[in-house]
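In: Model the following, please.
(2 chains)
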Amino acid sequence: MLDAKLFRSELADTAARLLQTRGFKLDVAKLEALEERRKALQVQTESLQAERNSRSKAIGKAKAQGEDIKPLLAAVDDLGAQLEQAKADLHDVQNELQSIIEGVPNLPASEVPLGADENDNQEISRWGQPHEFAFETKDHVDVAAGLAQGMDFERGAKLAGARFVVLQGAVAQLHRALAQFMLNLHVNEHGYTEAYVPYLVNHDTLFGTGQLPKFGEDLFHVQGATEKQVPLSLIPTAEVPLTNLWRDEIADEEQLPLQYAAHTPCFRSEAGSHGRDTRGLIRQHQFDKVELVWLVKPEDSMAVLEQLTGHAERVLQLLELPYRKVLLCTGDMGFGSCKTYDLEVWLPTQNTYREISSCSNMGDFQARRMQARFRRKGAKKPELMHTLNGSGLAVGRTLVAILENYQQADGSLKIPTVLQPYMGGRSEIKAS
RNA sequence: GGAGAGAUGGCAGAGUCCGGUUGAAUGCACCUGACUUGAAAUCAGGCGUGGGUUCACACCCACCGGGGGUUCGAAUCCCUCUCUCUCCGCCA
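Out: Below you'll find the model as predicted:
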């Protein structure tokens, strides 16, 4: 959510920037009209309230002194109805304004390249050399099939439906090893606080990070057994619970920065993705991810984005997976982000780089929705924090990358050195 | 699942029965000043959040877990939801 001031004093400029950077059309005339109406109604409502308050006070005083309050009551007779009407009108206008403002994406940072879609993203760097295979490579589905059928999509479909999988044996173990390795790295070496969080969250929480009200159809929603229970939704990423840890709170300056890491499952309905990445583990309704979240002072957030991205890169480097780092253009960035780096891992069978991590500086966009603030030492007014998040990494896609990059001619799989301690010291998974 | 108690400012804790100058006593914490070589102690003052009008000074509105209601007026009365605690039952 952007600062309401941008829709008042700087409306024309804001609209121009949104259109230029995100192709987002702001209805300036409508906003101006609504704002004008809002101002008039709010002034009217508040002055009616002020009048009611003072008259009620007078009645109280008169009554305490034993005077006759009947004439005073009569004088206040029609105030109630007037006030009720003004309140209702104001409420309507404010709701309308609010729903427009809530739907406006964040403004990109000035250094973000202008562009319409992923074709305009800017490659920043590449790390590692894609391995030359002396044999015909199999994709991760086929590699896993040769490892005691460790990846079972038929059974996944039987149990739950399309885009679900069952992992078994050494492949399941490798999946777990990856998550453990990543979480340990971030907690032990990068200073993150490990967190275990709810996988179901309420709508206030989803509003805070920006999933609601606009992107509800990307989520799985859960209704309790009784009508009266509050509706919950499965988290699409641990960013949601981790960032919301500080919703409606004011931190002391010295408590910042806060950094959290969590390994959680993530659930996405993938509505609108029919036919995309239908084969394999790339796009599932349920996948695991190790997520990194920072809550920082505004002046630190850009530097922290570099640091955070570096932490995700470190995972790929230690796993010796070739990747590239991409700065997303204005048109390809997420709704709430002001600057995003994607990390893309090399997949030999697709002969291309595929997204495995996305690291974003959300600026104060989420903090404003959440009212997550901090107070500088000696300052009176609290300020909004900046929030950042990044995958470090998506576990399922990392498993894909390992199956494809570490496959051997005989159908076995080499285990990356750093994972071997998590695999009982084994250096390979034999073909079955 | 059954029975009961509760939710007030950064924290603790009055006020709620009997609605009225209560945005809320008091204590602690915190900030500023005085005293002190410095500190402690003491004294004086300050000290919630969001929003609106205004160039500004300032003024006004809302908020006592959330939502709704009664009333000229609600922290206080009524309904409802959520959460916390105690006891019993059940359970990974």
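
In: Kindly report the residues of the stretch 301-432 of chain A close to RNA strand B.
Out: Taking C-beta under 7 Å from any atom of the strand, the part of the stretch 301-432 of chain A that reaches RNA strand B is made up of A:371, A:373, A:375, A:378, A:380, A:381, A:382. Every residue, glycine included, has its C-beta placed from N, CA and C.

In: Mind checking which of those are in strands?
Out: Assignment to strands by DSSP state E places the following of these there: A:373, A:375.

In: Please check the residues of the stretch 301-432 of chain A next to RNA strand B and keep the buried ones.
Out: residue A:373 (16 or more other C-beta atoms under 10 Å).

In: ok, which stretches of chain A are helices?
Out: A:11-22, A:28-64, A:70-75, A:79-102, A:140-145, A:153-159, A:169-189, A:203-209, A:239-243, A:301-318, A:365-370, A:395-405 (DSSP state H).

In: Quick check: residue A:345 touching residue A:402?
Out: No - using C-beta atoms under 8 Å, residue A:345 makes no contact with residue A:402, being 9.5 Å away.

In: Overlap of the contact sets of the two?
Out: residue A:321 (C-beta atoms under 8 Å, 6 or more residues apart in numbering).

In: farthest-separated two in the residues of the stretch 301-432 of chain A next to RNA strand B?
Out: Farthest-apart pair in those is A:371 and A:378; separation 21.5 Å (C-beta to C-beta).

In: And residue A:11, what's its pLDDT?
Out: pLDDT for residue A:11: 88.

In: Residue A:52: how many residues sit nearby?
Out: Residues within reach of residue A:52, counting by other C-beta atoms under 10 Å, total 15.

In: before we move on, the earlier item: tell me which of the helices of chain A sits most buried.
Out: helix A:239-243 (a mean of 28; mean count of other C-beta atoms under 10 Å).

In: what comes into contact with that one?
Out: A:195, A:197-198, A:201, A:205-206, A:208-209, A:211, A:235, A:260, A:262, A:264, A:291, A:293, A:295, A:366, A:370, A:372, A:387, A:389.

In: How far does that helix sit from its chain's centre?
Out: Put simply, helix A:239-243 sits 7 Å off its chain's centre (C-alpha atoms, centre = their mean, to the nearest Å).

In: Flag the shaky bits of chain A, pLDDT-wise.
Out: A:224-228 (pLDDT under 70).

In: Show me the domain layout of it.
Out: Domain segmentation of chain A under automatic domain parsing yields A:27-102, A:118-429.

In: how close does the residue in the stretch 251-400 of chain A that RNA strand B sits nearest to get to residue A:369?
Out: Nearest residue of the stretch 251-400 of chain A to RNA strand B: residue A:382, at 5.1 Å (C-beta to the nearest atom of the strand). Using C-beta to C-beta, to the nearest Å, we find residue A:382 at a distance of 15 Å from residue A:369.

In: Please apply the same query to residue A:343.
Out: 26 Å.

In: what do you get for residue A:85?
Out: In terms of C-beta to C-beta, residue A:85 sits 31 Å off from residue A:369.

In: for residue A:112, same thing?
Out: Distance of residue A:112 to residue A:369, given as C-beta to C-beta: 21 Å.

In: what do you get for residue A:410?
Out: Residue A:410 sits 53 Å away from residue A:369, going by C-beta to C-beta.

In: With just CA atoms, put stretch A:166-183 into CSV.
Out: In CSV, the C-alpha atoms belonging to stretch A:166-183 read as follows (Å, rounded to 0.1, in the frame of the first residue of the first chain):
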residue,chain,number,x,y,z
VAL,A,166,5.0,-38.4,-3.3
LEU,A,167,8.7,-38.7,-2.6
GLN,A,168,10.2,-41.9,-1.3
GLY,A,169,13.5,-43.4,-0.2
ALA,A,170,16.7,-41.7,-1.1
VAL,A,171,15.0,-39.0,-3.0
ALA,A,172,12.8,-38.1,-0.1
GLN,A,173,15.9,-38.1,2.1
LEU,A,174,17.7,-35.9,-0.3
HIS,A,175,14.8,-33.5,-0.2
ARG,A,176,15.0,-33.4,3.6
ALA,A,177,18.8,-33.0,3.5
LEU,A,178,18.4,-30.0,1.3
ALA,A,179,16.0,-28.2,3.6
GLN,A,180,18.2,-29.0,6.7
PHE,A,181,21.3,-27.9,4.9
MET,A,182,19.8,-24.6,3.9
LEU,A,183,18.3,-23.8,7.2
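
In: quick one: contacts for residue A:163?
Out: Shown in contact with residue A:163 (C-beta under 8 Å, 6+ apart): A:270, A:283, A:284, A:285.

In: Could you tell me which of those count as buried?
Out: Neighbour-count burial (16+ other C-beta under 10 Å) applied to those gives A:283, A:284, A:285.
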